Every structure is written in C-alpha cells, then in structure tokens.
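In: pasting the sequence and the predicted model now:
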Amino acid sequence: MGASDMVMSTHQDGQTTQTAPWLSAELAANIESDAALRALLAPVHRWLNTLSVRNHSPHTLTAYFAGLNQLALFLRGKRLTWTRCDKRQLAQHISQRLDEDKLALASVQQELSAIRHFYGWLIEEDLARINPTTGYQLKRSPRPLPSIADVDLLTQLLDQQIPDTPEQARLWLRDKAMFELLYSSGLRVGELVALDMADVDLSDLRVRVTGKGNKTRLVPLGAKAAEAMTRYLQHRNLWVEQMDSALFISEKLGTRLSTRAVQQRLKVAATRAGIAQNMYPHLLRHCFASHMLSGSGDLRAVQEMLGHSDISTTQIYTHVDFAKLTQVYDRAHPRATHTQNDENPT
C-alpha cells in the first residue's frame, strides 16, 4: 500500500477525504458533508501527502493544512477555484484574516507561506499557471530582541554546588550535562532530547544534531560540557531500560527525557541557585548565539552552529549586545562622549 492509499478514502462522487494526522475528526466530518469544500481540498491532501513522504513534521503539515483550509473556505464562499484566485482575491482573504478574524501578523505570515508553497506545487503539477502570492508581501512587524542572560548569571547556574541529597545530586549530574550542552553548542531543546548516545563524540568534542527539516549538522562540544557529560554517563548507564538509545533519560522511567521535563528541571536548578530571572532552555541557546557573536564576530560560523537556514535569523543577535558596542564606541571614537585626560591648556 502506497503512502497516498494510507491516508485517503474515496467517496461515491470520486472525491477523497484526508484521514492523516493533519486532519482532526471534527474537521474531517465537516469536509465529508461539504462536496464543494472536499473538491477544493483534494489537491491540498495530495500535496501534504508528498510532504509527509519527504519527512516534514506533523506540526508543519497541520499548520499548512489549517492555512489552506481557511483559503479554501474563502474560495468556496465566492464559488471560486484555486486557479481563479488572483492577487486581489488573496489580498481580500488576508485582510479578512487580519481585520475580522483578528489573527496575529505572524500567524498570517505562516498561512501565506503555506499558500505560496502550495501554489508552487500546483504549478509544478500543471494544475495552475499563476502563483497569486508572487510579489505579495505583508508588512513585517519588528522582530523582538531575544532575552539574554549575562555570563555571570550562567556561571551562577552551571557552577552551583551539588545538592546534598543523593537523589538530587544524581539528577543534577544529568541536568548539568544538559544545560552545559545547551549553552555550549546552542541546541534547541527538541534537538537536545532527540540526541542518541551515538550522536556525541567525547574524544573529538563534537555533537551530531538533527534540526528542523531533518537537517543534520555537526557542532563543537565545549570542554565543560564534555566533562559534565562524562560524569553523567556513569549514572545514565545504570538508569537505562530496554537498551534505550537516548542520551538523556529519566531516572525513574529509564527512557528518553521529554522537552517538558527539561524545562521543569531548568527552573528547579535556577531556583536552587538563587536566580530570579525566568530561565528556559531556549534562553541558553540565545546566550550561546549572543556570546559567540560578541566574542568572535563571525556571523556565518554562528549561523552554521545554530542551524539557521536564513542568516537574517542569526543577524538579530548582532543587535542584542548594543550596550557593549556603545561602550567600545565611547572609549574609542575621538568625537564620542567619553572624557579624555587631556593636558590643561596653557
């Protein structure tokens, strides 16, 4: 049975209904009772099916379907097909999503991206000739700067004293290894919990990371992180159940740790270290990026290590350390506001 057979069911009218994870039971029932909508969504299901075969994540497929389903409802209401949707119709739909549905600009951007990619596929399949999204752009809102913790705060977190109780002491060895790795190598929390034992090379100090879009990258492993990892692995080998390949596992369950567990453990560690700032795993990734750029200035290298496909995503970290830049400017520029120890004029 092929992939398309696994997710499609055929009706008497020749149309198909999606039963894949991107379609909820409630939505499937609504589509089932609406022949016009079902006809509009048939090519959408085919497209998503091809993406599923290419290992796109269920989250991405669900988001794509949600955006295209909204446009399909709009087109059905106007008795239009995909090929009859031009820039004017698209602009009207987007305006409705923003003004009437009160959707956030970022969410509409995601829907527009799904529409753009879908029309690209329609054109490849000779099902359409024009992509209405070509040249169409939403005005982007300024991207907020990421939160950053300074080096002293991270030292306070990572170099805190080991807990007194044996149970908490064992957990801290694992937690410290996780937090050191997040900061050392700039991993996303999802990438961290997905790591297997074979992904870490302690001799060559590097980590193989599988990021967004199942893209793999090699990132350096800092000496502090490697040291923490070595201490943790002695306990991990005692906790593991059923030969689980996961690098970071639950002491109680002996299986792969969840992202939620990492988030909770970081908050516990921050509280124990007396840190008032809100600590979360992605903050350590932000700190890695900001501190690496501040120390090296090598934007391309940091982009590679973070796994950013677009360098503009990395560039946002160049704005974070502006206070330090102004200090350098004040010290160095002859016309800055700093005071100079000039000799008194005679």
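Out: Happy to help now that I have it. Numbers count the residues shown, from 1 in each chain.
In: residues contacting stretch 243-250, please?
Out: By CB atoms under 8 Å, 6 or more residues apart in numbering, the residues outside stretch 243-250 that reach it are 174, 177-178, 192-193, 195-200, 236, 239-240, 254-257, 261-262. The C-beta positions use only the backbone N, C-alpha and C, and glycine is treated the same way.
In: can you flag the buried ones in the residues you listed?
Out: 174, 177-178, 192-193, 195, 199-200, 236, 239-240, 256-257, 261-262 (16 or more other CB atoms under 10 Å).
In: among those residues, which are in helices?
Out: Arg174, Ala177, Met178, Leu192, Val193, Arg236, Trp239, Ala261, Val262 (DSSP state H).
In: show me the contacts for Arg285.
Out: By CB under 8 Å, 6+ apart, Arg285 lies in contact with Leu182, Gly186, Leu187, Arg188, Leu306.
In: let me know the closest of these to Asp164.
Out: Leu182 (25.1 Å; CB to CB).
In: the closest one and Leu192 touch, don't they?
Out: Yes - between Leu182 and Leu192 there is a contact at 6.1 Å, judged by CB atoms under 8 Å.
In: mutual contacts of these two, please.
Out: Common neighbours of Leu182 and Leu192 (criterion: CB under 8 Å, 6+ apart): Pro281.
In: just to revisit the earlier point, closest one of the buried ones among the contacts of stretch 243-250 to Ser57?
Out: Closest approach to Ser57 among the buried ones among the contacts of stretch 243-250 (CB to CB): Val193, at 14.7 Å.
In: contact partners for that closest one?
Out: Contacts for Val193 (CB under 8 Å, 6+ apart) come out as Ala246, Phe248, Arg256, Leu257, Ser258, Thr259, Val262.
In: how close does the residue nearest to Leu127 when sequence neighbours are not counted sit to Ala128?
Out: When the adjacent residues along the chain are set aside, Leu127 lies closest to Pro43, with 6.2 Å between them (CB to CB, 6 or more residues apart in numbering). Distance, Pro43 to Ala128, using CB to CB, to the nearest Å: 9 Å.
In: joint contacts of the two?
Out: With CB under 8 Å, 6+ apart, Pro43 and Ala128 have common neighbours Trp82, Leu122.
In: Ile148: neighbour count?
Out: Other residues near Ile148 number 16, with proximity taken as other CB atoms under 10 Å.
In: which non-adjacent residue is nearest it?
Out: Among residues not flanking Ile148 along the chain, Ser290 sits closest, at 4.9 Å (CB to CB, 6+ apart).
In: same check on Asn214?
Out: Of all residues not flanking Asn214 in the chain, Asn55 sits nearest, at 5.2 Å (CB to CB, 6+ apart).
In: adding distance to Ala273 and pLDDT, write the contacts of Val193 out as a markdown table.
Out: Below are the contacts of Val193 laid out as a markdown table (distance: CB to CB, whole Å; pLDDT from 0 to 100):
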| residue | distance to Ala273 | pLDDT |
| --- | --- | --- |
| Ala246 | 26 | 94 |
| Phe248 | 20 | 96 |
| Arg256 | 26 | 94 |
| Leu257 | 20 | 94 |
| Ser258 | 23 | 94 |
| Thr259 | 21 | 94 |
| Val262 | 16 | 96 |
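In: just the closest of these to Ala149, please.
Out: Distance ranking of those against Ala149, using CB to CB, places Val262 first at 16.7 Å.
In: surely that closest one touches Leu187?
Out: No - taking CB under 8 Å as the definition, Val262 is not a contact partner of Leu187, at 10.5 Å.
In: would you map the strands across the stretch 1-150 of the chain?
Out: Taking DSSP state E, counting those that start in this stretch, the strands of the stretch 1-150 of the chain run over residues 8-10, 16-18.
In: any buried residues in stretch 45-56, and which?
Out: Quick answer for stretch 45-56 (16+ other CB under 10 Å): His45, Arg46, Trp47, Leu48, Asn49, Leu51, Ser52, His56.
In: would CSV of the residues you listed with distance to Ile148 and pLDDT be doable?
Out: CSV is the format used below for these (distance: CB to CB, whole Å; pLDDT from 0 to 100):
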residue, distance to Ile148, pLDDT
His45, 43, 93
Arg46, 44, 94
Trp47, 40, 96
Leu48, 38, 94
Asn49, 42, 92
Leu51, 35, 92
Ser52, 37, 89
His56, 32, 85
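In: from those, pick the one nearest Gly77.
Out: Of all the buried residues of stretch 45-56, His45 has the smallest distance to Gly77: 20.4 Å, by CB to CB.
In: state the distance from the closest one to Leu61.
Out: To Leu61, His45 is 10 Å away according to CB to CB.
In: if we can go back for a sec, residues in contact with the residue nearest to Leu127?
Out: Counting by CB under 8 Å, 6+ apart, Pro43 has contacts Trp82, Leu122, Glu125, Leu127.
In: what does the domain assignment say about this structure?
Out: Per automatic domain parsing, the structural domains of the chain span 3-124, 151-321.
In: and those: which comes nearest Leu138?
Out: Closest to Leu138 of these is domain 3-124 (CB to CB; 6.0 Å).
In: pLDDT score assigned to Trp239?
Out: Listed pLDDT for Trp239 reads 91.
In: low-confidence bits of the stretch 101-250 of the chain, can you list those?
Out: Applying pLDDT under 70 to the stretch 101-250 of the chain flags residues 140-147.
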